[in-house]
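Trainee: Following is a predicted model, sequence given first.
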Amino acid sequence: MTAAIETLGLTKSFGGHVVLDGIDLDIAPGGVFALLGPNGAGKTTMIHILSTLLRPDSGTARVGGHDVVTEPTAVRAAIGVTGQFSAVDALMTGEENLRLMADLRHLGRREGRRRVAELLDRFELTDTARNPLATYSGGMRRRLDLAMTLVSRPDIVFLDEPTTGLDPRSRAEMWTIVRELVAAGTTILLTTQYLDEADELADRIAVLHAGGIVADGTPTELKRLVPGGRIRLEFDDDTTLDAASAVFRDATRDDAALAIDVPSDGGFGSLRSIMERLEREGIEARSLSIHTPDLDDVFFALTGREGGGIASEEVAR
């Protein structure tokens with residue numbers, strides 16, 4: 001199956017600073033591929049190269065089967081891009097913005113008007129279509145921005161931090177839209193500053209750090225890369241807590257909560273082993289809960305905490 005997005009040995013530097021150092025990606029059609037990384041890691045630089053806004057220094061990149069350097073027009077025809085900041089024209093209404101995009105995509109008058117009406121309805125903007133953008137909320141502007149991206153029905157969509165600055169309700173609306181696009185067969189390359197967003201939406205995640213991809217896999221696979229899984233057992237009294245602590249000598253004890261945390265991979269076998277040991281020793285736990293590493297743990301384990309976390313970025317320079 002032809003990759004939707006493929007890079008091989010991709011490099012890019014700015015003023016002697018290496019941003020991308022031999023990036024290899026192979027993204028299958030359909031689904032969401034999330035690219036994570038700390039500030040300045042080069043996520044937006046990747047998006048700009050793949051959308052033909054920047055030329056790589058070396059290596060190759062193909063999008064929709066087309067080379068980004070030698071076939072930029074074909075690449076642009078296959079993609080849609082929604083950046084970190086809204087690209088709508090604030091002096092125009094929502095409908096006027098969409099009509100302008102339809103004209104730029106050469107849809108023709110009849111098809112353009114039909115497509116504009118379809119997108120206004122799909123993104124719940126029909127009632128405000130002829131209102132000035134000054135009256136639009138942040139979530140409405142982002143929905144309009146994405147609607148403009150979809151005017152030409154692109155097979156591949158780049159979403160560069162699409163929910164930055166949105167309230168929880170607007171973020172949830174964008175998540176629903178992304179899922180609808182994927183269900184329709186669209187390939188989405190997502191960069192985001194919200195790790196829960198990547199966990200919720202992405203089929204695969206790559207972590208970009210120090211110029212390279214330091215991890216690539218499903219969210220579940222990435223969570224298995226770092227230690228920290230544990231099973232927490234809580235007890236009714238100090239006597240039972242003491243007995244359990246003597247059995248599980250590698251556990252961390254929490255006297256205030258009358259609990260111990262037993263290291264575990266969170267799997268069924270590990271859980272069964274703990275339960276059997278409790279039963280064998282005649283120890284009864286009041287409650288049991290399983291805790292596994294999340295993407296925050298993975299991110300900081302792979303990239304460190306000195307970079308200020310994960311947030312939006314301009315082209316790294």
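Mentor: Everything's here; your move.
Trainee: Report whether the expected contact of Gln103 with Gly112 is present.
Mentor: To be clear, residue 103 is Asp; Gln isn't right here. Yes - counting by C-beta atoms under 8 Å, Asp103 touches Gly112, with 6.5 Å between them. Just so you know, the C-beta spots here come from the backbone N, C-alpha and C atoms, and that holds for glycine as well.
Trainee: Nearest residue to Asp24 in space, please, no chain neighbours.
Mentor: Using C-beta to C-beta, 6 or more residues apart in numbering and skipping residues adjacent in sequence, the residue nearest Asp24 is Leu8, 5.7 Å away.
Trainee: tally of neighbours for the one you found?
Mentor: Residues within reach of Leu8, counting by other C-beta atoms under 10 Å, total 13.
Trainee: going on from the helix or strand Asp199 falls within, what's the next piece of helix or strand?
Mentor: Assigned by DSSP states H and E, Asp199 falls within helix 195-201. Elements were assigned by DSSP H and E; along the chain past helix 195-201, the next helix or strand is strand 204-209.
Trainee: Let's see that next one as CSV, backbone CA atoms only.
Mentor: Taking C-alpha atoms only, strand 204-209 is exported to CSV below (Å, rounded to 0.1, in the frame of the first residue of the first chain):
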residue,chain,number,x,y,z
ARG,A,204,0.3,6.3,15.9
ILE,A,205,2.6,8.8,17.6
ALA,A,206,6.1,9.8,16.8
VAL,A,207,8.2,11.9,19.3
LEU,A,208,10.6,14.4,17.8
HIS,A,209,13.5,15.4,19.9
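Trainee: returning to what we had before: report the secondary structure state of the residue nearest to Asp24.
Mentor: The three-state assignment at Leu8 reads strand, by DSSP: H, G, I helix; E, B strand; the rest coil.
Trainee: OK, contacts around it?
Mentor: Asp24, Gly59, Thr60, Ala61 (C-beta atoms under 8 Å, 6 or more residues apart in numbering).
Trainee: Need the outlier residue of the chain, farthest from its centre.
Mentor: Distance from the C-alpha centroid of the chain peaks at Thr239, with 46.5 Å (C-alpha atoms, centre = their mean).
Trainee: That one looks like it's in a helix, true?
Mentor: Yes - using three-state DSSP, the assignment for Thr239 is a helix.
Trainee: Can you show me the helices along the stretch 101-250 of the chain?
Mentor: All helices of the stretch 101-250 of the chain, identified by DSSP state H, counting those that start in this stretch, fall at 109-122, 138-149, 168-183, 195-201, 219-223, 238-247.
Trainee: Which strands or helices does the last one pack on?
Mentor: Applying 3 or more C-beta pairs under 8 Å, 6 or more residues apart in numbering; DSSP states H and E, one finds that helix 238-247 contacts strand 259-263, helix 268-281.
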